[in-house]
Structures are given as C-alpha cells and as structure tokens.
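Engineer: Could you work out the structure for the sequence below:
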Amino acid sequence: MSCPQSFQQHAAPATQRISVVLVRPRNVLNIGAVARAMLDFGFNDLRIVTDYPLPFQEARSAVDAASVLASAQLHNSLTDAIADARIVYGTTALGERNLQHPVDVLRSAARTIHQQAAQTDGRVALLFGSEKTGLSNDELSHCHRLLTIPMHAAGISMNLGQAVAVTLYELVRDTDPPRNLPEPALPATAADLARFQELLRGILQASGYEERHPGNLADSNLHRLVRRLALPSDDIPGWLGMLRQVLWRLGSPTTGARP
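Structural biologist: Just a heads-up that it's a prediction; the model follows:
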C-alpha cells in the first residue's frame, strides 16, 4: 500500500531532508525492504555506498517501492554520499566495541532528529552498516552521534531492513496520523438499551433462568450489566434481531410469529 500524498506533504519539512545511507549492503532483498519501509513512512532519499553494481531489479521485497529504488543514489565512497549532510547519525548494536561517540537510544533521540531535519539548512544522514559487520570505525568517524535500538540482552544485531523500519517509524511516530482515523462509534441511546434489556429479560424468563437465580433479574442488576457492555448504536439492530430469534426459538408466548 503506497504512502498517501497528504502524508508526504505533511511530513515533507522533515522526512524529505533525512537521507537513509546504506553502507556496503550485501543483500538486495534487504535493500528492497529498506525501500519499502521508506515509502511506508514517507521518506524518499536512499543512498547506497558500494563499489560494485547492485541488481535492484531483484529486490522483490520492495513491493510498490520502485520509485524509491529508481531514485536511489549510488556512491563509491561514504564521503560523497554524505557530502550535503550537516548532521550524521550512525547506527550501532553496541556489542563490545569501544565507541568514541556519544550514543543515544533511538526513542530518546527521535524527536531531536525530526526537529533537526525540519530546521537544518542541509540534510540529516542516517548511516546503516553492512549486514555482516555494521559500520567500521572509519565509517563511524564521519558521525556526530550514534543511535542504538534497545534489544534484549541475548540479541546480537537486527536485520538491516528491520533496523531501518524501526528507526524511521520512531522518527514519525509522534507526528499526526497519515490517514483519517475512523470516527468513534456513537454509544447506544437509553431507548436502544431499554429494548435490548427487555428482550434479554424475556430470554432469561423463557429459559427458566429466573427460577434458579431470581435475584439476578432485578432491574438495577440488568441496568448495570447492559451498560457495562458499552454497546455502540450501530450494533443495536443486529443484537435485537438475534435476541428476538432466540426468544422465538424458546417458544415465548409473548413473541408471536417468527421474527
């Protein structure tokens, strides 16, 4: 499903100034997954640092994201790929490497990155390293800060496509929803609930429930039970129809002909 144009326009000040830079990616399917994640969350600037041709046409995981792949920039060096970036973040799984940069947990830095992208006269680059080795020390030296996604202690690293998707989601998570959310359902009226309660009482009487548990049939008890159901108005016709059918099958003399 493609990203709505309204979302792209809303998020343009930030997302269109953020570059996703894949450094030495090895698997074209991961590249396709990255492109799909970028499209889903409203990003369009994909840059790939590689010294050999990549068969993008094999990226079957890039469902509907051909536009992102078609506009992807290929660079022979990381320096060229981030030449127009004023702020560069590198991603890391931490591990046991002795890092020389300040490290931010993604969820804590996401708002800052979004604001930097909206306010900076230039680009914010997010670097993702090779699936096998991550970013090298030399590649990390191009970064201002590092980002890490919190994982379970047993975790080693995250798949490249997943890491990009999680990162981009965090960057847009606090923005307005891209699509109009459905209006909340209107609650049933008191009159609707009274009809529901009347039929329910009829079923309980016809089934013999009142003979075994007469105390449960007090009006106050049924009022509370019915209202705790929080029935929406649109569901009432269906419920009334089902209750009438049950009451008819129980042979209640008050129901008359079959509904």
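
Engineer: which residues of the stretch 101-250 of the chain fall in strands?
Structural biologist: 103-105, 123-128, 145-148 (DSSP state E, counting those that start in this stretch).

Engineer: Out of the ones you listed, flag the one nearest residue 66.
Structural biologist: Ranking the strands of the stretch 101-250 of the chain by their distance to residue 66 (criterion: CB to CB) puts strand 123-128 first, at 20.7 Å. Backbone N, C-alpha and C define where each C-beta goes, glycine included.

Engineer: on contacts alone, who are the packing partners of the closest one?
Structural biologist: Counting contacts by 3 or more CB pairs under 8 Å, 6 or more residues apart in numbering; DSSP states H and E, strand 123-128 packs against strand 18-23, strand 85-91, helix 106-119, helix 160-172.

Engineer: one step back: mind giving me TSV with the strands of the stretch 101-250 of the chain and columns for distance to residue 93 and mean neighbour count?
Structural biologist: TSV is the format used below for the strands of the stretch 101-250 of the chain (distance: least, CB to CB, whole Å; neighbours: other CB atoms under 10 Å):
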stretch	distance to residue 93	mean neighbour count
strand 103-105	11	14
strand 123-128	11	25
strand 145-148	7	20
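
Engineer: Of all those strands, which one is nearest residue 84?
Structural biologist: Between the strands of the stretch 101-250 of the chain, strand 123-128 lies closest to residue 84; by CB to CB that is 5.3 Å.

Engineer: List the pairing partners of that closest one within its sheet, with orientation.
Structural biologist: Applying DSSP bridges, strand 123-128 is found paired with strand 18-23 (parallel), strand 85-91 (parallel).

Engineer: Send me that strand as PDB with only the CA atoms.
Structural biologist: Extracted as PDB, the C-alpha positions of strand 123-128 are listed here (Å, rounded to 0.1, in the frame of the first residue of the first chain):
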ATOM      1  CA  ARG A 123      20.400  17.200   5.300                       C
ATOM      2  CA  VAL A 124      20.400  14.800   8.200                       C
ATOM      3  CA  ALA A 125      22.000  11.500   7.200                       C
ATOM      4  CA  LEU A 126      21.300   8.100   9.000                       C
ATOM      5  CA  LEU A 127      24.000   5.600   8.300                       C
ATOM      6  CA  PHE A 128      23.300   1.800   8.400                       C
END
